[in-house]
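Colleague: let's see this in three dimensions:
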Amino acid sequence: MHRSSFSPWVSRSLSRSFVVSRPRSMSGRGDLQPRLAGSGNGCGDHSRRGKLRAGLVIAEVALSIVLPIAAGLVMRSFLILTRVDLGFSPRNILYFRLSLPTTYDHSREKQNMLTHQLLDRLRALPGVTSVAETSCNLR
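Modeller: The predicted model follows:
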């Protein structure tokens, strides 16, 4: 989007948000003082509801401070992790997981034979410099 076409969208958006979000007291319907004076009934008493309301406000303010800080720290940690030296170059590496079908004979000898055949065929491919396998049996 060009800069010249961006400016009218911003001004329209800001003007519409002001019109929609402006309080009714600003619309010219009477004096603001009686509305503000009447809105505080019951806020000063120390009833259970007042304490709960005060506690919720405190929790909301605390979360509004803590959550952005925590999000910033998580993002910072993520960016640091993306720059960690892995000890090898991850370029041109192919990895995959091989799941054998349930109808396959799961004896250890057959699995080893299949793995060695697969590794030999992969080594024979042009451009392949190294092939390795690992197994993690979580059964």
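Colleague: in three-state terms, label Tyr95 for me.
Modeller: coil (DSSP: H, G, I helix; E, B strand; the rest coil).
Colleague: can you check Leu125 too?
Modeller: Looking at Leu125 with three-state DSSP, the answer is coil.
Colleague: so what's the residue count around it?
Modeller: 8 (other Cβ atoms under 10 Å). For the C-beta atoms, the positions are set from N, CA and C on the backbone; glycine is no exception.
Colleague: let me know the pLDDT of it.
Modeller: pLDDT recorded at Leu125 is 92.
Colleague: ok, Leu63 next?
Modeller: Residue-level pLDDT assigned to Leu63 equals 93.
Colleague: and it, what element?
Modeller: Per DSSP states H and E, Leu63 falls inside helix 48-82.
Colleague: how about Val84?
Modeller: Using DSSP H and E, Val84 is not contained in any helix or strand.
Colleague: pLDDT weak spots in the chain?
Modeller: The chain contains residues with pLDDT under 70 at 1-46, 137-139.
Colleague: one more time with 80, if that's ok
Modeller: For the chain, applying pLDDT under 80 flags the ranges 1-49, 90, 100-107, 135-139.
Colleague: on that earlier part again, in terms of secondary structure, what does the helix holding Leu63 contact?
Modeller: Taking 3 or more Cβ pairs under 8 Å, 6 or more residues apart in numbering; DSSP states H and E as the contact definition, helix 48-82 has no neighbouring helices or strands.
Colleague: now do the buried residues in that helix.
Modeller: By neighbour count on 16 or more other Cβ atoms under 10 Å, the buried set for helix 48-82 is empty.
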